[in-house]
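> Next come a sequence and a model predicted from it.
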Amino acid sequence: MPEQKPSDRRPALCRLLVLSGLVGLALTACNGPAPETHGLGDDLGPGWSIGSGGDLNAFFDCLRDEGATLVSAHRGGPYPGYPENALETMSAILEKIPAVMEIDVATSADGVLYLMHDDRLGRTTTGSGEAGALNWDEIHKLRLVDESGRKTHFAPPRFDETLAWANGRTILQVDFKPTTSYEDVASEIRRQNAQPRVILIAYSMPAAAKLHRLLPDAMISLSLNSQSELNRAVASGIPDNRLLGFTGTKDPQPRLFSLLDKRDVEVIFGTLGGRDSIDSDIARSGYDALYADIARDGADIIATDRPVEAYAALAAAGRAALDGVCGLENNNKING
């Protein structure tokens, strides 16, 4: 997922609150960081599952009709003790909330697809050097580290096992690293008949058109900021109902959201992006209700580094995807 920074150096939440006339909250949002907890403990139950019913577009249409917004966990939702792009982390998130899982797919020197965001290994693993320079048997021996640099017992997972793990559990939003070919990823998705449960991220219209040719039944996330951009995407051969419009990370655009909605294009808005992100500003201010405000503006998916907090805010406002709706199930209820 692109990590776009606002062109204006004022924090994103400050701008939104000032425009809304909420000056007191704006002052709070612009002050120093506040402690943040993710609400994830050791009391993990069977967890949530998301079933697309074999038609991802119809699944999103159902959620829209229910007035529900999903969260997408950026890089699988890392938090203390749980690293990014790890099956264990994604499982822990799904124990608490239903969420789309955004993952990054890289390729080892000997051609194995696996989950890794960076071009180098040092930030997220116990290894070092170029991520694409090692064979899979070397990569698999590494251990992932969390965002504080603490070593975990978790190893980088292969893409094929991640795709199989996600079946019946969640929808995967697939980002492609420079080492990775669309053809290789598409081949594995076809092998597992996973087209109805993946979203493919494209950063240009030619890339989106290529992905559509490879996997015509899959949905594609593409940056769309105007009707003319949507028209060009459709002219390239991608039907409206195979597209999700990624609408940036700066400010919600209700008019654009409405335009896309009328064309049956799902809206993704990103609150992620590091220190200058809306996520960070919300964490500083404590104004989690902004996630629900963004949902009311028309966002179908909120891509976030704070999936648990975002879902809680959506639930409090009656905007969350609920158990028994549109193929979602909270399996925690089975064990009371």
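Thanks, I have it.
> Just the helices from the stretch 201-336 of the chain, written as ranges.
Per DSSP state H, counting those that start in this stretch, the stretch 201-336 of the chain carries helices over the ranges 205-214, 227-235, 254-262, 278-285, 290-297, 307-316.
> from those helices, which stretch is densest packed?
When neighbours are counted by mean count of other C-beta atoms under 10 Å, the highest per-stretch mean among the helices of the stretch 201-336 of the chain falls to helix 278-285, a mean of 24. Placement of C-beta: from N, CA and C, glycine included.
> biggest strand in this protein, by residue count?
Using DSSP state E to assign secondary structure, the strand with the most residues in the chain is strand 100-107.
> what packs against the helix or strand that comes right after that strand?
In the C-terminal direction, the helix or strand that comes right after strand 100-107 (DSSP states H and E) is strand 113-115. Using 3 or more C-beta pairs under 8 Å, 6 or more residues apart in numbering; DSSP states H and E as the contact definition, the elements that strand 113-115 packs against are strand 100-107, helix 159-166, helix 182-191.
> Now the element after strand 113-115, going C-ward?
Moving toward the C-terminus from strand 113-115, the next helix or strand (DSSP H and E) is helix 136-139.
> Check what contacts that next one and list those residues.
Under the criterion C-beta atoms under 8 Å, 6 or more residues apart in numbering, residues 108, 110, 112, 114, 127, 131, 156, 158 lie in contact with helix 136-139.
> Any chance of CSV for those, columns pLDDT, neighbour count and distance to residue 224?
Conversion of these to CSV gives the following (pLDDT from 0 to 100; neighbours: other C-beta atoms under 10 Å; distance: C-beta to C-beta, whole Å):
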residue, pLDDT, neighbour count, distance to residue 224
108, 97, 22, 33
110, 97, 11, 37
112, 98, 17, 33
114, 98, 24, 30
127, 97, 19, 37
131, 93, 25, 30
156, 98, 25, 32
158, 98, 20, 32
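> Make a markdown table from those and add distance to residue 73 to it.
A markdown table is the format used below for the contacts of helix 136-139 (distance: C-beta to C-beta, whole Å):
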| residue | distance to residue 73 |
| --- | --- |
| 108 | 24 |
| 110 | 29 |
| 112 | 24 |
| 114 | 19 |
| 127 | 24 |
| 131 | 21 |
| 156 | 17 |
| 158 | 19 |
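> Pick the one among these closest to residue 89.
Looking at these and their distance to residue 89, the nearest is residue 156, at 11.9 Å (C-beta to C-beta).
> and the closest one, which of the three is it?
coil (DSSP: H, G, I helix; E, B strand; the rest coil).
> My guess is it contacts residue 118. True?
No - under the criterion of C-beta atoms under 8 Å, residue 156 makes no contact with residue 118, lying 11.4 Å away.
> for the stretch 51-200 of the chain, what are the low-confidence residue spans?
Under the criterion of pLDDT under 70, none of the stretch 51-200 of the chain is flagged as low confidence.
> just to revisit the earlier point, closest to residue 54 out of the contacts of helix 136-139?
Closest to residue 54, out of all of the contacts of helix 136-139 and judged by C-beta to C-beta, is residue 158, at 24.9 Å.
> doesn't residue 108 make contact with that closest one?
No - taking C-beta under 8 Å as the definition, residue 158 is not a contact partner of residue 108, at 9.3 Å.
> Distance check, residue 226 against residue 211.
Taken as C-beta to C-beta, to the nearest Å, the spacing of residue 226 relative to residue 211 amounts to 21 Å.
> Please disregard the earlier target; I meant residue 319.
Using C-beta to C-beta, residue 319 is found at 30 Å from residue 211.
> hmm, back to that, tell me which of the helices and strands packed on strand 113-115 sits most buried.
The most buried one of the helices and strands packed on strand 113-115 (mean count of other C-beta under 10 Å) is strand 100-107, showing a mean of 25.
> before we move on, back to that, neighbouring strands - and their directions - for the longest strand of the chain?
Partner strands for strand 100-107, per DSSP bridges, with pairing direction: strand 70-73 (parallel), strand 113-115 (antiparallel), strand 172-176 (parallel).
> Residue nearest the middle of the protein, spatially speaking?
Nearest residue to the geometric centre of the chain (C-alpha atoms, centre = their mean): residue 72, 3.3 Å.
> Is it in contact with residue 100, as I believe?
Yes - with contact defined as C-beta under 8 Å, residue 72 reaches residue 100; the gap is 4.1 Å.
> what do these two both touch?
173, 301.
> Next, find the distance separating the residue nearest to residue 62 when sequence neighbours are not counted from residue 49.
If you skip the residues right next to it in sequence, residue 62 has residue 326 as its closest partner in space, 3.8 Å away by C-beta to C-beta, 6 or more residues apart in numbering. Relative to residue 49, residue 326 is positioned 12 Å away (C-beta to C-beta).
> Which of those two has more residues huddled nearby?
Looking at residue 326 and residue 49 with other C-beta atoms under 10 Å, you find the greater number of neighbours at residue 326, namely 21 against 17.
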